[in-house]
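Enquirer: from the sequence below, what's the structure:
(chains A and B)
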Amino acid sequence: MKKRILYSLIVLMSAVSCVDMDRTPKNIWTDDDLLSTNAGVKVYLARLYAQMPWEDFKYMGEWGFNRSSWLGALGIEGTGEAINRDGISRAFTGESTAWWGMAFTLIREANHLIETMPEYASNFAEVEVNNFIGQAYFVRAYSFYQMARRFGGIPLTLKEAQYNGNAADFEIRRSTEEETWNQILADFDTAVGLLPSLSTIDGTANKYVALAFKAEAMLYAGSVAKYNETVQGNLTGFGSKTGVRVMGFDPDKSKELSKKYFAEAYKAAREVMNSGLFSLRQAASSDPQAKYQNMVDLFSDLGCSENMLAREYEYPTLTHGLDAYSSPYLWHHPLSGGTCPTLDFIELYDWPETFDNGLSRRYADGKLRVTDGNSCGEGKYLMFDNTYDFFADAEPRLRAYVIFPGDRFRNTDLEVYMGIYTGSASNGISPFFSSYSYNSGDNSYNGLDIYTKSPKTLYLTGNPAQPEVVELPDGRKMNAAGANGPFFNYQEATLTGLHLRKYLDPDATVETIGEGMSDQPFILMRYADVLLAAAEAAVELSIAGAVSPVDGDDMLQVATDAIKSLQDRAGAKVIDTKLSGTDESRDIVRKERRKELAFEHKTKWDLRRWRVQNYENRDGFWCDGRSKADFSNDTEYRFRGIYPFYSADAGKWFFDTHFDNINRKKFSYNIVDYYFGIPGDEVTKSPVIDQQPNRY
Amino acid sequence: MKKCDNTKSCFSRIVLALFIICAPVLMYAQNTVTVSGVVTDDTDQSVIGASVMVKGSTTGVPTDLDGKYVIEVPADAVLEFSSVGLKTVEIPVNGRSVINVRMSADNTFLESVVVVGYGTQKKGSITGAVSAVNSDDIIKTKSENPLNMLTGRLPGLRVWQKSAEPGSYNASMDIRGMGGVLVIIDGVPRESSDFNRLNPADIDNVSILKDAAAAIYGVRGGNGVILVTTKKGTEGKTQVNYNGSFTFQTPSKFPDVVGPVDAMLLYNEKGMNAVHNGKLAFTEEYIDRFRSGELSGADWNSLMISEWAPQTQHDLSVSGGNEKFQYYASMGYIYQDSFFKSGDLNYSKYNLRANISAEIAKGLKFDLNISGLLDKQNNPYFSSVDLIKNYWAQGPISPAYIDEAQTMFNGDGLDLMNNPVAMMTSDVSGHRKYDKKTFNGAATLSYDFGAATDVLKGLGAKAMFSYDFRQDSNEIFRKEFYLYQKDAATGDYVPKQYPDHTNRLRKENYSRQQTLAQVMLNYDRTFAEKHHVGALIGYETQVRKGDNYYAVGELATGSPSYTALNGQGQIVGMNTGLGSLYDIAYQSVIGRVNYSYDDRYLIEGQFRYDGSTKFAPGHQWGFFPSVSVGWRISEEPFFKNSGAASVINQLKLRASYGMTGDDDASGFNYQWVAGYRYKGGETNDKGWYTGYAPGYYFGNEWVYNVEPQPLPNLDITWLVMKTFDIGVDFQAWNGMLGISFDYFQRIRTGMMASSSTELPTVVGATAPMRNANSDSHFGLELELSHRNKVGDFTYELKGMASVTRQKVINNVSIRKFGNRYDQWRNDNLTDRYQGVQFGYESAGRYESWDDIWNYPVFKDNYTLPGDYKYLDWNGDGEINGGDMHPYAYDQTPWLNYSLDFRMAWKGLDFSLLFQGSALGSYKYEEALYNIWGNANGAGGVLSQYMDRWRPANGSYDIYDPSLEWIPGYYGYTGHYPDGNSEFNRVSSAFLRLKSVEIGYTLPKFKSPEFRDFSLRVYFNAYNPLTITGLKFVDPEHPGDDLGRLYPLNKTYTLGLNLTF
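Expert: The predicted structure is shown next:
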């Protein structure tokens, strides 16, 4: 019995042996795991690229880099390209998620690679190590650049800080804006020196991608250095904590700096052009239909030699929601009509000089003609057999970017009209509103007497779920609004009569559309951008009286050829004279840039660097001589739509052009907005981070 | 319900079998006498059902209805008379044939044994703040969750039920407001989810360690410990126990949505509530089509929610044993349905348990505790929060089905096509099924050295080994479905696939296990009658491991099986969260010494030397000591001998002080390890279309990435808590009055925090956690009790209340403040009581136009009668941010109280439990704050919004001063109070009848064959009545998920307890 007790105790005691106390979590990796092999470095690079401040489908100006494609829309930041019903459609005056804290995280991780990769160099061929380190420099250059164009001078974090708990040792003040751009220049140059000519890892930068972004960045720097002075206060000043010129440039140096940066932009763009590796994607024939199709296909053809860097998506792993939010109402799934191009925007493009009957397509002030009078408020509406007839001869490039009422999209003729007019058309139909001026812009079709009073002659639909139906003289029944709207009380359909086409999946069906179901790639850099950068830099350098930074170049000829090639490819009118060092030539380049790069998150930056958004400078907003009074007063500005109507009496279509009649969206922009404010918390938190001198 | 029937028949078969096995116990007697007599209590009432046993045998009888007994016993036997509430009496027979016994009331509360850390103690001589409750009390509240059954039963234990969603066990508990509690079940640290899922019938008692008494649990004991002990078999005849109940559940305060006409009316009011350009949202013609019945929309209330949902529960236990072998075995079943009409949200659970003790050799005992659990939670694919959100928001205009025959779900006019009926139906949109299988097992061998030699009397040794295992198998099935829209022109029904909802299957498998091994030596002996010495020393190791994986892929068809995978989106991954993937070990040395002199002066010291692998080597070990003292004044001779004071049974002063720890900080993430976390296998149902994606497409190759760890901090370790408690226990007149009062304070230092405000942003890293923050909790706890017996009528009253406050002493996460006002206004983390809310106080409502015109404070030009007046706190003549000041507490109530009333008369028993809280508030948000929903469908109009200020004649011309206004709770539709004002953040103080139970026990059968037969039937209501100022939701229903959590329930239960 004693034995039984003893054995029992021994058995149980032995179960209680010491346990191993050296346990770390199973899923933590170290530099050794990551930086010793190609696959590991790729994982590291995937981290850098996933954090890159790419402005694509998962970016919106209102939110900044919150990496969300919720409500996905393009070009809605008060640039005139498009509007959207929500508060997210707002002039680009700041981002709710500031590119600040996240930027320093990314830069730290890039610095870590720059500093640590050499320790592992023996595992790789030299070109590979150079590529990896070059990637890190490219990431850092681009991150700094994205900060600089938001904030001006920024803290330049060039080392991975080995934080020891003593905050004071690690504070870094904002550099001057000049130092900042110089660092960006240096980092791009380092990257260019290290990166291979062809990307060894798809989707990452190579030498020419780095050059192209360098050109874009330097164009920004050169423009700011030059155009800050066109704005009251010259947009420069000193930080209150450090006395450093954190915003703008020393007025004594700004001209030279502007030239320096434009020259760098020109050189970089020319190096890309001279490589001979890239070209514009060309149509199969010179037929407008072919040119249109070419411009549509360009954005899905990653293999073409125009597309230099793209961010790829693939359902179901990584997706965005552009089709779910910005398709026409027929594909409402679950929303629609998120990107509504404006009439002002399509007026930038080329239209035939005249209608078939000889009447000019534009009024004297350049606006598209919809009546036979001298302005859209005078004369009688012009009548068309189909809504698309009005648009049929528009520039092919525009048709590739925007869906016109009645145009074909996803195998459907897109039915878009605002209402049906049942009044007599025998003597023509007079414009609905007595005034089309800026100040009358809040008037709406559903407020018109012909709609509200009895007997009414105008039929509209407020909400697609409750359609009004009109009986036509021939007994046919017709919905009062088009299947895709506009509906006067419903904002999830077009607000302007126009829809985005660029980047929408042309083959999507309702079934394949959803918030996380789109996977079109976003082209982050394409050769057209490089040509435009070269042209703009060339004209700016000529205006400044500088000689070509590239030996043997006739800069203006380069610029002229670039613009011509773009216009020709687009099916637009090709300029017939050589550009010169004048503001007029500059505006030709700018307008071409605005047209070509619309809906690519570029225009909002261009308008900013040209400093043409504040009221005083707003005449330059459209780059085509339009007067700011047409779309603006001294506090706000707004954009127009083109609203098709059906005349039941005539059996024909006519158009009314009016400021956004559904949402009555307005934008405002002030001088202070050319630099975003430094996030308030960061200013309070740090003894050395200055707020912008023009903000309090 | 078929399942239910099966279980029942299964049960009855078992009952029958057990009956046959255990039936007749033959009795042999020699040299016997027949003894009879009457048993009475000290009020001379006869005692019914008192047990009369022959000491040292299993022979015995109960007394009958007149307190009489007759028993045949050996002439030299000793009779043992016992009955609940009375002192056990032993009387030698000495050949007598009549023995009448008068039994006196028993002060069980002093002698009763309470489970404490690694042992038990007599309640009378406990020096720490320990409270306990036994099964009789617990089961007076009926809930599927034992935690809810503890509500109001233990002073200082705060239980907050947040939702009654079946299987979610959404209730939280803490002790004295101090945070997550360590749960010990049968001596083994386990999860609170294990406690939630215990079969309530298996629980024998629960005690909580509230002060430094918890120091014996060292690094994990800081927030207090809850010790749960399950039932054991007792020596004696086999006893079979069956409990069965059927419960009706109904929501406790759950908002409704109004019908289409009212909804559109309010939308029109809202549209017209503008100074200029008011707009009618819906035309009168359109509304008339609903009035006339031409259009009907959807009555979402009745489509979605059942007023009543069933719940049922069955338990069967068998226990018994002899001197050397005792057993308790049980099984339990519970099924709970939800309020969702589809019936696809429900829960079922099976419990099995066997607790066995055997004496292998003299003094050597072997104990085996084994329990198994199987539970299954069925959910629709969409969460109940989603369902409630959409049911409230979509609006009554759009029908649920588009066709008359109700075969096609409507997709028109619904925001984001979210048709709540389709969403709640698993056959349509898919499901989420959560299966858990849990095994808990422990074997204990204990030896009493006293059995071998008297010298070692009081010395015992014990070794335990336990092994727990839990397996979670989850199946998440997303099913493609179509909604239909009617084409206005053709009249055709056009199908539209619900977006982002392709056929997809995800299965998750989680396994968790822990082993615990323990050896203990304990000593307990009294020397020279007055010196009582107790000691304990032990060593314990515990290893806990968690692992998991999931596999997800798109399906070719809508059948939830991997055989249908179509090759797209196939990913295998794992959840790397610390709660799912872990490998943790603890090692501890445990010790305790107590000494008491003459039961008057008590002192106890405890310690635990504890190591946790959550920390870096070199920082793993900590020493946690505590000491407590007690003085039983009532045992002092001067006190005992004084006549006046002799009615006092107990007067004890006690105090404790000690150190405990907590290694379970949130966000801790092994921050002492430098490196990266690989994100491989992470997926997102919608392809990360919103949010950061943990990888990048290099060309068409998806590469997962890593996330750097925060800056490492090797020194990171547990936080330290210093707990102080002082209390007094008082009992007099044999329980007629009992008072227990405690003051407690706990200071926590070294709480883990990372300060992003200290680390310069330019460093670009996440600040490391460090042991930096500190705070204090303090409070009072009071318990009052009264017990009495008048004739057959016994009753008991017990009230308890505790108030606690938390004050942050130092917190490094705080930002810098620009000025003193900024700091006063926004700094809640430096030397400030927690829960303080800033906002506007009410100054009433604008009662009329005159009131508006004459009220001296600036108001906007759109102000209407019925709008809200705020207190101009700073007196500057306008209402702005400067008028915001502390005016309310947060949602956590700082004061909790309960009142328990119990009475019994003959076979009837009755119990009432009131419970309440104060010093808390509730803020209505979003859908509960204003009309929030799909405007096109007139959505979001909860019925409460009808109660509003409005013109008596229904006019929309609201700025017409001649209008007469009808007052209401809200302002005119469209005008809502400031969210942070007394109008919208309302006190959540409440008093509720938590549980009321009335039961009737059938009189005992006189026939000896059925003498053990007992049947009690009862009716119980849970949460039937709540008194609160909070109008629209249950006061315990939290603001989480913007108030859209599944509601709490009221339940009504009919049940029976059968013993034989």
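
Enquirer: who's in contact with the residue of the stretch 701-850 of chain B found nearest chain A?
Expert: Scanning the stretch 701-850 of chain B for the residue nearest chain A gives B:Gly764, at 3.0 Å (criterion: C-beta to the nearest C-beta). Any C-beta I mention is one placed from the backbone N, CA and C, and that applies to glycine too. Taking C-beta atoms under 8 Å, 6 or more residues apart in numbering or on different chains as the criterion, B:Gly764 is in contact with A:104-109, A:111, A:157, A:160-161.

Enquirer: what do you get for A:Glu395?
Expert: If you count contacts by C-beta under 8 Å, 6+ apart, then A:Glu395 has A:349-351, A:570-572 around it.

Enquirer: quick one: which of these is nearest B:Gly680?
Expert: A:Ala570 (44.4 Å; C-beta to C-beta).

Enquirer: would you confirm that the closest one contacts A:Tyr292?
Expert: No: A:Ala570 is beyond contact range of A:Tyr292, at 9.4 Å (criterion: C-beta atoms under 8 Å).

Enquirer: the more surrounded of the two?
Expert: More crowded of A:Ala570 and A:Tyr292, by other C-beta atoms under 10 Å in any protein chain shown: A:Ala570, with 27 against 22.

Enquirer: dump the residue contacts of residue 685.
Expert: You didn't pick a chain, so chain A it is. B:757, B:760-761, B:815-816.

Enquirer: chain B, not that one
Expert: Contacts of B:Asp685 (C-beta under 8 Å, 6+ apart): A:516, B:478, B:500, B:504.

Enquirer: of the residues you listed, which is the nearest to B:Asn811?
Expert: For the contacts of B:Asp685, the nearest to B:Asn811 is A:Gly516 (38.4 Å; C-beta to C-beta).

Enquirer: quick check: closest non-adjacent residue to the closest one.
Expert: B:Lys686 (2.9 Å; C-beta to C-beta, 6 or more residues apart in numbering or on different chains).

Enquirer: tell me if I'm right that that neighbour and B:Asp500 touch.
Expert: Yes: using C-beta under 8 Å, B:Lys686 is in contact with B:Asp500, at 5.4 Å.

Enquirer: on that earlier part again, what subset of the contacts of B:Gly764 is also close to chain B?
Expert: When contact is defined as C-beta under 8 Å from any C-beta of the partner chain, those meet chain B at A:104-109, A:111, A:157, A:160-161.

Enquirer: a markdown table for these, including pLDDT, neighbour count and secondary structure?
Expert: Output for the ones next to chain B among the contacts of B:Gly764, formatted as a markdown table (pLDDT from 0 to 100; neighbours: other C-beta atoms under 10 Å in any protein chain shown; DSSP: H, G, I helix; E, B strand; the rest coil):
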| residue | pLDDT | neighbour count | secondary structure |
| --- | --- | --- | --- |
| A:Phe104 | 98 | 25 | helix |
| A:Thr105 | 97 | 17 | helix |
| A:Leu106 | 98 | 25 | helix |
| A:Ile107 | 98 | 25 | helix |
| A:Arg108 | 97 | 19 | helix |
| A:Glu109 | 97 | 23 | helix |
| A:Asn111 | 98 | 21 | helix |
| A:Thr157 | 97 | 23 | coil |
| A:Glu160 | 95 | 19 | coil |
| A:Ala161 | 92 | 19 | coil |
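
Enquirer: what's the most distant pair in the residues you listed?
Expert: Taking C-beta to C-beta, no two of those sit farther apart than A:Leu106 and A:Ala161, at 14.2 Å.

Enquirer: which residue packs closest to residue 54, ignoring adjacent ones?
Expert: In the absence of a named chain, chain A is used. Nearest one to A:Trp54, counting by C-beta to C-beta, 6+ apart, is A:Arg311 at 5.5 Å.

Enquirer: not quite, go with chain B.
Expert: Using C-beta to C-beta, 6+ apart, the nearest residue to B:Val54 is B:Ala77, at 4.7 Å.
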